[in-house]
Each structure stands twice: as C-alpha cells, then as structure tokens.
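Chemist: A predicted structure for the sequence below; I have some questions about it.
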Amino acid sequence: MLEIYKKYFAEILSKDIDLPIEEIITQIEIPPENISWDLAFPCFNISKTIKKAPNIIAQELSEKLESDFFSSFENIWGYLNANINQSQFIQDFFQNLNSKDFKSIKKNNSKTKVMIEYMSANPNKPLHIWQARNICVGDSLRRIYEYLGYEVHSFDYEDDSGVNVGYNIVWHLFYDYPLDTDKKYDHYCWEIYEKMRKNDEDINFKKTLSEILIKIEEWHDEKIKKLHFDYTRKCALEQIRTCRSINSFFDGIVWETDILHLKLFAQAMELLKDKWYFKFINSWDAAWCWVIDLSSLSEYSKEEKKYQILIKSDGTATYIAKDIAFAMWKLGYLKNKFSYDIFTKDTRWKNVFTTSQKGSDKKNDFFDYHQAITVIDNRQIPPQKIVQSALKLLWYIKSGKDYLPLGYWVVYLTPKTLLKLKYKLTPEEKVEKRLPFASRKWRTVTIDEMIKMLHDKAYFQAKERNPEKYDDRLDNVANKIAVSALRFFLIRWDIDKDIVFDIDEILDMQWETWAYILYTWARIQSIINNSWDVWKKLNPWNFLTEQIEFDIIKKLSEFDSVILQSQSQLSPHLISRYLFELTKLINTYYAKINILKSQEDFKKARIFLLKNTLEIIQKAMNLIWMEFLEKM
C-alpha cells in the first residue's frame, strides 16, 4: 500500500520534474524513525540539471504541490518531505486489502528457476553453530523466493573428496577403527577426526593420506569406494537430521565426488582449455600445476598474481576448480547431467534426492538455473570471486544468468555460554567479551548441543511457570522455543556483521528476540480469541483516528515491499527487523489505549486492526520460520 502512495507522490512530482515516474519512484525514500514525515524525495540528484540548489528546489516544490493523498509538504535540508493524508490512507488500506491493484507484490510467473545452496559441509563431522547461520539464512531465502512464486530448489553440497574425509577414511582403513557405532554418527566421525589429527606430523601418515585422496578421485579401488560411500552417507544423513531439527529442508544433495567421476569437472576444464584460459605452468609458487589464467580481466590488471591453481602437482583438484565445475552445472553450461536416487524423506514427507552416477531417476529438473545463490562463510568469498571470474571469461555471466555468492560473517560466543557448555577456558579467555571458534583447541560448538542447551533452559523456565503441565507438552513447547529463538537470533543481524551469541540474551523478552515477538503475537491472539466476530459490516477507518493507529497501518502496508527488498538484496534480516518494529508499535499501542474498554465501535475497529496485524505477523514469521505458541 505504501508503494502505491510512492507512485502517487511520483506522479505529482513528475509534473515539475523532467524524469520518468518509474525513476522518481526509485529515488523516493522512507525517512528514519526520528523524522516525522512519511515519504521523502532527495533533490540532490536533479540539482545540476535544474541548476538550482537542492534546498531551493525542495522549497519551491513544497509551496506549489497539492494532492488529496497528502496533507502537507516541507523542505528539510534539500529533501522534499511529504505527509500522507492519514484518513485517506487508512480508508484505502482497508477498502483494498484484497485488491490486486493495491498489492505491490506481483507473483513471479516467468518460470525463473533459482537454486540456493546453503549448506556446504564435510561429511565427517557434526554441523557447528557457525554453519547454523548459513543454514537459517539460506532456508529463509528459500521461503521468500517460494512466497514470491519462483521455482526454487535448495541444495546441500557435500565435500566428500576433500582432505578432511580423507583423514577419516585412512583411520578406518589402517587404524582398525570400527565403522559402526551407537553414537550419533556425525559426532562419532568428529571423535575420529580429533584422534587422527594427532598424526599430522607423521610422514608415513601424510603419504598414506595423499594416496587415499588420489584413489578417491580416481574411483577404481572397490574397497575404498564402498567404505567411502557408506561412511559419508551415514554422516550426511545425521547432518540432514540436524537441519530438520531447526526446520531447514533440502531438495537434494550434490556430492563432490560425483562432479569428478561423472566428468563434469573434466568437461568444465576442457571448456576453459578450449579458450586458452586453462594452462600448465611450472613457476616457483605453482610448480607443475594447471592454473586458470585471469590476466585478460581488467580487475586483475594490478594484481601481481594473475592466475589461480586448479589442479595441484599431485594431480588433485583444488576447491576452486571443483566449485567452477559446480557453478557451470548449476547454470546449465555442462552437457552431462546427474542421475538421482532418493536419499531420505524430510518431515514434510517430500523426497530428498542425492546425486548418483547410476541413479534410477534421470528426469529431475535440477538443472539449468537462471539464478544460483551460494550462501557461504565470508572467508570463502575470495575463492567464489574466482569462480565468478571463470564464468566471466567464458561469457556465461553475460548471458542473462546470475551466480551470486552470499557471504555471512563470523559467529562468536560469550565466555559465559562456552562455560555453560562445559568448555574449558583460560583466565584470560574468561574476561573476554567474545571468543571465536578454536578448532585447534577442539572448541567447536555444534548445532545439536546448542539446541539441547536452549531446550533445557526453556523447559526449566516453562516448568517453573506451569508446574501442572505434562512433561511431554512442556518438552514440545521447549523445543519450539529453542528452534525459533536460535533461528531468529541468527537471522536478525545484517549478514555482513559479526554475531556474538549469548545463551541468556536470545531468550530474553526485553530485547530484540523471538520471545518478544511471540509474546506480542500471543497477546494479540488472546484479545481476538476473547472477542466475537465484531469487525463485520464496519468501516474501521472512521474510528482509527489515533496517530499510533496510523503508524501501525503504515507499517502493515510496508510488508510487501519488505519482502521484495529481502529478495532483491538477499537479506532475510529485513523481515526480522520488520517484525520487531511492528511488534514494538503494537506494544506501544497497548500501553496508550485500553482496547477492550474502548467505546463499542472504536473497540470493533481496533480489534479488526489487530486481526490484520496478526495475519501479517504470521506471514512474516513463516518466511523466517518461527514456531507459533498459543500461550507464552
């Protein structure tokens, strides 16, 4: 709805400004909360063309513009600010709630296919809390794209040919460690990994490891093939179960070894070689290696090193090389296609497919995407830029398709949280404000243990408040609280900002947390449940006359544009921020107005407003996946 009023503003401005309405709309801003105006047009960009100072342009426009949709205009520091006619806006909002003409979201009907890869794991360890940010951001993007009508597939990329898996395979082959266990398998794998790393300085171990990695890539040794297959699949299944536990789902799993063994990698390298970008060199820093030559790209003109190694001297492919091949497959530039088997079913009873060299399903539409989004640790963005460069060299990026790496920043933990998880800290570490993961100290907090810790804390609090409730019910409530609190905390921050994770803060109702939002949701629900169907045959705009009511309606009208912005900027945190701003307004509303004791028609209109607010909150919560509870 607010987008419609931006259009109205642009239309009256276009009579005095020589710009297309569409271009004016893109420049109209919503002022920050400390500015008491509804819309603003900056006059700086048109100053040179009109040959007047921005302040003068804004002043002249403010004195001559008139519109039934706006009550006033004013020049403030070169911005032309506009106040919406509140009664007209409220009437338009309610009269056109279900009108297609007043919806800013137009569902995508272009058959645009989008692939979102939001887990890239080594199948030899459990997922850690840092990766949880990756998963929650990616899963929320999937939900946003689906809401907007795109054909979306989400994928887990399992790095099963890398050195980490090689360590574990060596351990099982040569150190007599059993393949079976009663423990959760990914955690069992991590135990083995801890033990095997103690052999890092052993020359014989390193030689054996190198030989095993080559055999995994060559894929001729039947014993290694079977061990590798059984081991990685069992570990990946547990990782998928962890993702399910936080309500994140995948359509498929791509195995790195399948990229190698189905010749996708070889085909990608041939395409580079055909255009003379794939070269064999022997220099001091790349002895007997195959590299990608980047010297023809302008962004590398000032770089001392104008190439990247793709195949090392021992014949193994680098991560960048395999990612280039995978990116080319995503965008449909390789002829070979994967076959698929069913790997498992998710909690929605949808099949989760896995790539296979001899799979039974070759008809899946997992191919030829228009947009490929990779949500990844920010430290991996430089290698992903090399992948983009390779696609640019082959002119693929310019063919109307997009390859979009989305980097997220570091997740730290407070010392207090690590101590509660039974990690040992030095006296110096205990007084730090935040601590990073420390793999050398084996301080890697897993998603499983964090969910259990949140669950136990929520269960204890729920039991204290509701001692009469059954344990099973409290257990279910505690699990919903744990998952929702974790997801909201990991999504709410700008993706390019670090997070400091504190176990107590994320459940605190006084902060910008899931608990605060759910408390507001439950409060609205209780008012609606305790009221009869009072909103029928009522013109609510005649009775919603308070400034706070206009502020709430204006915020509700922003919902569609927030979704579009979240998708275009790949920023699901905008939805969590929107939720917090909306619920904060509702709690201010409660503080100022006793809704249930209002005069009858005013009460009806206010309950109708709360009903529509509840619907928007539910939609927003679904997009970033927050569980609903009837009572806090």
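Modeler: All right, it came through fine.

Chemist: Where does the closest residue to L538 other than its chain neighbours fall, secondary structure wise?
Modeler: Among residues not flanking L538 along the chain, K604 sits closest, at 5.2 Å (C-beta to C-beta, 6 or more residues apart in numbering). Just so you know, the C-beta spots here come from the backbone N, C-alpha and C atoms, and that holds for glycine as well. Per DSSP states H and E, K604 falls inside helix 600-624.

Chemist: any idea of the mean pLDDT in that helix?
Modeler: The average pLDDT for helix 600-624 rounds to 93.

Chemist: and what of stretch 311-326?
Modeler: 90.

Chemist: helices or strands next to the helix or strand hosting F265 in the packing?
Modeler: Assessed by DSSP H and E, F265 sits inside helix 264-274. With contacts taken as 3 or more C-beta pairs under 8 Å, 6 or more residues apart in numbering; DSSP states H and E, helix 264-274 sits against helix 319-330.

Chemist: low-confidence ranges in the stretch 51-200 of the chain?
Modeler: Counting by pLDDT under 70, the stretch 51-200 of the chain contains low-confidence residues at 98-104, 106, 109.

Chemist: need the helices for it, in chain order.
Modeler: For the stretch 51-200 of the chain, applying DSSP state H, counting those that start in this stretch gives helices covering 54-64, 86-95, 129-147, 163-174, 185-196.

Chemist: Just the buried positions in stretch 577-586, please.
Modeler: The neighbour-count check on stretch 577-586 (16 or more other C-beta atoms under 10 Å) flags R577, Y578, L579, F580, L582, T583, L585, I586 as buried.

Chemist: Same list (those residues) but as a markdown table, adding distance to I46.
Modeler: Below are these laid out as a markdown table (distance: C-beta to C-beta, whole Å):
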| residue | distance to I46 |
| --- | --- |
| R577 | 31 |
| Y578 | 30 |
| L579 | 36 |
| F580 | 35 |
| L582 | 34 |
| T583 | 38 |
| L585 | 34 |
| I586 | 39 |
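
Chemist: Helices - which of those residues land there?
Modeler: R577, Y578, L579, F580, L582, T583, L585, I586 (DSSP state H).

Chemist: Make JSON lines out of those and add pLDDT and distance to S47.
Modeler: Output for those, formatted as JSON lines (pLDDT from 0 to 100; distance: C-beta to C-beta, whole Å):
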{"residue": "R577", "pLDDT": "94", "distance to S47": "32"}
{"residue": "Y578", "pLDDT": "96", "distance to S47": "33"}
{"residue": "L579", "pLDDT": "95", "distance to S47": "38"}
{"residue": "F580", "pLDDT": "94", "distance to S47": "36"}
{"residue": "L582", "pLDDT": "96", "distance to S47": "36"}
{"residue": "T583", "pLDDT": "95", "distance to S47": "40"}
{"residue": "L585", "pLDDT": "96", "distance to S47": "35"}
{"residue": "I586", "pLDDT": "96", "distance to S47": "41"}
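
Chemist: just to revisit the earlier point, quick check: which of the helices of the stretch 51-200 of the chain is buried the most?
Modeler: helix 129-147 (a mean of 24; mean count of other C-beta atoms under 10 Å).

Chemist: show me where the stretch 451-600 of the chain has strands.
Modeler: 499-501 (DSSP state E, counting those that start in this stretch).

Chemist: low-scoring stretches of it, by residue?
Modeler: 509, 530-537.

Chemist: same thing but at 80, please
Modeler: 466, 468-470, 508-512, 529-538 (pLDDT under 80).

Chemist: For it, which segments count as helices?
Modeler: So, for the stretch 451-600 of the chain - with DSSP H, counting those that start in this stretch - the helices run 471-491, 514-529, 547-557, 559-568, 573-592, 600-624.

Chemist: repeat for the stretch 201-350 of the chain
Modeler: 203-218, 222-245, 256-261, 264-274, 319-330.

Chemist: Tell me which of those helices sits nearest to V163.
Modeler: Evaluated over the helices of the stretch 201-350 of the chain, closeness to V163 peaks at helix 203-218, with 6.5 Å, by C-beta to C-beta.

Chemist: now what about the closest one, what contacts it?
Modeler: 160-161, 163, 165-167, 169-170, 173-174, 199-200, 221, 224, 228, 257, 260, 314-317 (C-beta atoms under 8 Å, 6 or more residues apart in numbering).

Chemist: try it again with 7 Å
Modeler: 161, 163, 166-167, 169-170, 174, 199, 221, 224, 228, 257, 260, 314-316 (C-beta atoms under 7 Å, 6 or more residues apart in numbering).

Chemist: Nearest the geometric middle of the chain, what residue?
Modeler: In the chain, the centroid-proximal residue (C-alpha atoms, centre = their mean) is V137; its distance is 1.9 Å.

Chemist: Enumerate every residue touching that one.
Modeler: Counting by C-beta under 7 Å, 6+ apart, V137 has contacts Y118, V375, Y408, I491, I495, P572.

Chemist: and which of these is nearest L2?
Modeler: P572 (20.3 Å).

Chemist: Hmm, I624 and that closest one touching each other?
Modeler: Yes. With contact defined as C-beta atoms under 7 Å, P572 reaches I624; the gap is 5.8 Å.
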